[in-house]
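[1] quick check, what structure comes out for this input:
(one chain, ligands or ions: 2)
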Amino acid sequence: MSRSSRPRSPWQKSRALSLALAFGACGGEPPPPAAACPEAPAAEEVAAESALPSPPDYDAIPEGPFGDAVRRGERIFRDTQTYAADYVGTAHNCDNCHLDGGRRPSSAPMWAAWGMYPDYRKKNDRINSMEDRLRGCFVYSMNASASKAGVAPPPGDPVLQDLQAYMRWMAAEVPVGHELPGRGYPALDRPEPAPSASAGALVYEAKCALCHGDDGQGGALKGGEMLFPPLWGENAYNWGAGMHRLNTAAGFIQANMPLGKGGSLSDREAWDVAAYINSQERPQDPRQEGTVADADVAFHDHDCMYGDSPADGGATLGVGTGQSAE
Ligand code: HEC
Ligand code: HEC
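    Ligands and ions are numbered 1, 2, ... in the order given. Coordinates of the predicted model:
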């Protein structure tokens, strides 16, 4: 696949540089493992190959107040750790799960989401505005209850305003109210026999640990910037996040991981490794009021391992990190 000659945002450039530095500039000494230097193809490359809508070039961001808001929104999206620090309780940025600044098809891109709200969500059984949806990713995927503010940005907050300006700009050419190809994460058929966390452990060790760490805690550059997000443990997405569902994680992983080699895992491997990651402890489901068993009944009627008892006799899954077993 040829590299795009389209202009890239300064954030994409600095990210590529960080990755290169982390791996001794890809080709330096000692040579990095083969998997270590890739960069996911840019959204417009994927779009060009598949006739999907292509988000606009960054140099098309207009001057003036709207353009300023779009630029701030992009900054928040790509470096949430810095620009919405008060509301982030994990080691994540939005674009860790919505790749390429929320532009990449099959990684729940923002241009495909924009025209689909307000919409009903089973998760909270009501119509959700885009603000509600964004706040949801703060509460669960970014575990806002462990952040400095202890909550998601309140409705009307400039963080939510700027993120929406960025999305609005990105979706300018996209028809509203139509489910677009590339929206969300791909749906994979559930394999028979059922996904196996123990088989997934082997996939993890061979294909993921290099970047996400043997213990799933991710990895930082010397300066402290988190380059490889944690997949479990106290800095990871919590038990209420979409990514804890095996089907969601399997779809994301198959399409996007290992980074730069999306599509290389078999569906089976993706399901197994999704089961492995999601059978590890992580921060508690913020909706839990009584026991894990209560929350399991109330909120986890989907494909996940919440409330399961691990085969090795360990604590029930869902207890959370930093909480004592009940
Ligand atoms: C070459 C390094 C690399 C490898 C190998 C890799 N990842 Fe990732 N992974 C990343 C990076 C970097 C991100 C964040 C994406 C971004 O910001 O562009 C990420 C994001 C993720 C996410 C979403 C973010 C989160 O914290 O939940 C999951 C899940 C994930 N990877 C799982 C896997 C699995 C499973 C494998 C093995 C099959 C794997 N990754 C292999 C680098 C890697
Ligand atoms: C740990 C991974 C993760 C992180 C970090 C994350 N999200 Fe999400 N996001 C998801 C998942 C999973 C979904 C549901 C995708 C699906 O099921 O199709 C989602 C869905 C969304 C949607 C709706 C997409 C659609 O098509 O309806 C929006 C909008 C969104 N996220 C915005 C954000 C923003 C903004 C941030 C940063 C504040 C963020 N997300 C951080 C995982 C994450």
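[2] what's around the nearest residue to Lys207 once chain neighbours are set aside, how many residues?
    Nearest residue to Lys207, sequence neighbours excluded (CB to CB, 6 or more residues apart in numbering): Pro258, at 5.4 Å. Using the backbone N, CA and C atoms, a C-beta is placed for each residue, glycine as well. Residues within reach of Pro258, counting by other CB atoms under 10 Å, total 18.
[3] what's the answer for the one 5 residues further on, then?
    Applying other CB under 10 Å, we find 11 other residues in the vicinity of Gly263.
[4] can you confirm it is in a strand?
    No - with DSSP: H, G, I helix; E, B strand; the rest coil as the criterion, Gly263 is coil rather than part of a strand.
[5] host element of the residue nearest to Met226 when sequence neighbours are not counted?
    Nearest residue to Met226 in three dimensions, chain neighbours excluded: Ala91, at 4.4 Å (CB to CB, 6+ apart). Using DSSP states H and E, Ala91 falls within no helix or strand.
[6] and if you look at Ala113?
    Ala113 belongs to helix 110-114 when assigned by DSSP H and E.
[7] mind pulling up the pLDDT for Leu246?
    Confidence at Leu246, expressed as pLDDT, is 98.
[8] ok, it to Ser196 distance?
    Remark: distance between Leu246 and Ser196 (CB to CB, to the nearest Å) = 11 Å.
[9] over to Pro286?
    Taking CB to CB, one finds Pro286 at 29 Å from Ser196.
[10] what does the stretch 1-150 of the chain have sitting close to ligand 2?
    Contact residues, the stretch 1-150 of the chain versus ligand 2 (CB under 6 Å from any ligand atom): 80, 92, 94, 96-98, 108, 112-113, 116, 133-134, 137-138, 141-142.
[11] domain map for this structure?
    Using automatic domain parsing, the domains assigned to the chain come out as 41-170, 197-299.
[12] of those domains, which is nearest ligand 1?
    Closest approach to ligand 1 among the domains of the chain (CB to the nearest ligand atom): domain 197-299, 2.8 Å.
[13] quick one: end-to-end length of the closest one, please.
    Counting by CA to CA, to the nearest Å, you get 22 Å between the two ends of domain 197-299.
[14] so how far is it from its chain's centroid?
    For domain 197-299, the separation from the chain centroid amounts to 10 Å (computed by CA atoms, centre = their mean, to the nearest Å).
[15] do the same with stretch 89-101
    With CA atoms, centre = their mean, you get 5 Å for stretch 89-101.
[16] likewise stretch 312-326?
    24 Å.
[17] shouldn't Glu74 be within a strand?
    No - counting by three-state DSSP, Glu74 is not found in a strand; it is helix.
[18] report pLDDT for Asp312.
    As predicted, Asp312 sits at a pLDDT of 71.
[19] actually, Arg15.
    Here the pLDDT value assigned to Arg15 is 59.
[20] tell me which parts of the stretch 51-200 of the chain are close to ligand 1?
    Neighbours of ligand 1 within the stretch 51-200 of the chain, by CB under 6 Å from any ligand atom: 92, 95-97, 99.
[21] let's have the residues you listed in JSON lines, adding neighbour count, distance to Asp272 and pLDDT.
    Below are those laid out as JSON lines (neighbours: other CB atoms under 10 Å; distance: CB to CB, whole Å; pLDDT from 0 to 100):
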{"residue": "His92", "neighbour count": "23", "distance to Asp272": "24", "pLDDT": "95"}
{"residue": "Asp95", "neighbour count": "22", "distance to Asp272": "26", "pLDDT": "96"}
{"residue": "Asn96", "neighbour count": "22", "distance to Asp272": "22", "pLDDT": "97"}
{"residue": "Cys97", "neighbour count": "23", "distance to Asp272": "20", "pLDDT": "98"}
{"residue": "Leu99", "neighbour count": "24", "distance to Asp272": "22", "pLDDT": "96"}
